[in-house]
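Novice: Give me the fold of what follows.
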Amino acid sequence: MSDTLITIIAIFLIAMVLLIPIMLMAERNDDISQSVVQTELSAMVDEAAAAGEITPQNVEDFQAKIASTGTGVYSLQIEVQHLDENPGKKQDEEDTPGIAKRYSTYDPLVKMYPDGGTPQPYKLKKGDIIVATVKNEGKTLGQTFRTVFYKVTGKGTYQIYATASAMVVNSGK
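Specialist: Below you'll find the predicted structure:
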């Protein structure tokens, strides 16, 4: 009986010793993926701000680069905060003339990819602000291990999250 118990304990310890390096590698892979996604998102946003437009080619290149991380599917959300065209004009009773206002366009990707049409660049004006956010939609291997061992992740959580913003310096062509 004691030999069986020792064998079970030994098997359990060996399994734990083998799982720890795999868990650490999965965590490291998530860290590397986070770094790649943040770097590529910043590069895409900076390029769009310098060019004055968000092009379908830039978005597709970005999506291909982050897909190469192999950590699942990502969602990209872009918000463009437009600078008011006429800040000297009083818009309503609460507005003060001469103070610039901003209004937002959420998800310009919908306008870039019209139904059945060819993709078109989304033109920006000087002074607009681009805010982009990326997060993973599925569970990574690191998240799975954390869920099993630590019970710290729940529904609706994500491991890889990046955000970038930039002010447009040139109006679109």
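Novice: contacts and neighbour counts: CA atoms only from here.
Specialist: OK.
Novice: Of all residues in this protein, which one is nearest the centre?
Specialist: V134 (1.1 Å; CA atoms, centre = their mean).
Novice: Scan the protein for its longest helix.
Specialist: helix 2-51 (DSSP state H).
Novice: tell me the mean pLDDT for it?
Specialist: Averaged across helix 2-51, the pLDDT comes to 88.
Novice: list the helices and strands it packs on?
Specialist: Helices and strands touching helix 2-51, by 3 or more CA pairs under 8 Å, 6 or more residues apart in numbering; DSSP states H and E, are helix 56-67, strand 129-136, helix 141-149, strand 161-167.
Novice: Let's test this: mean pLDDT of the last one, rounded?
Specialist: For strand 161-167, the mean pLDDT works out to 91.
Novice: angle of it against helix 2-51?
Specialist: Counting by axes from the mean of the first three to the mean of the last three CA atoms, to 10 degrees, strand 161-167 lies at 10 degrees to helix 2-51.
Novice: List the neighbouring strands of strand 161-167 plus their orientation.
Specialist: strand 129-136 (antiparallel) (DSSP bridges).
Novice: got the CA positions of the strand it pairs with in CSV?
Specialist: Output of strand 129-136 as CSV, limited to C-alpha atoms (Å, rounded to 0.1, in the frame of the first residue of the first chain):
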residue,chain,number,x,y,z
ILE,A,129,-6.7,62.4,-33.1
ILE,A,130,-6.5,58.7,-33.9
VAL,A,131,-7.1,56.3,-31.0
ALA,A,132,-6.7,52.6,-31.7
THR,A,133,-7.3,49.7,-29.4
VAL,A,134,-6.5,46.0,-29.9
LYS,A,135,-7.3,43.1,-27.7
ASN,A,136,-7.3,39.3,-28.1
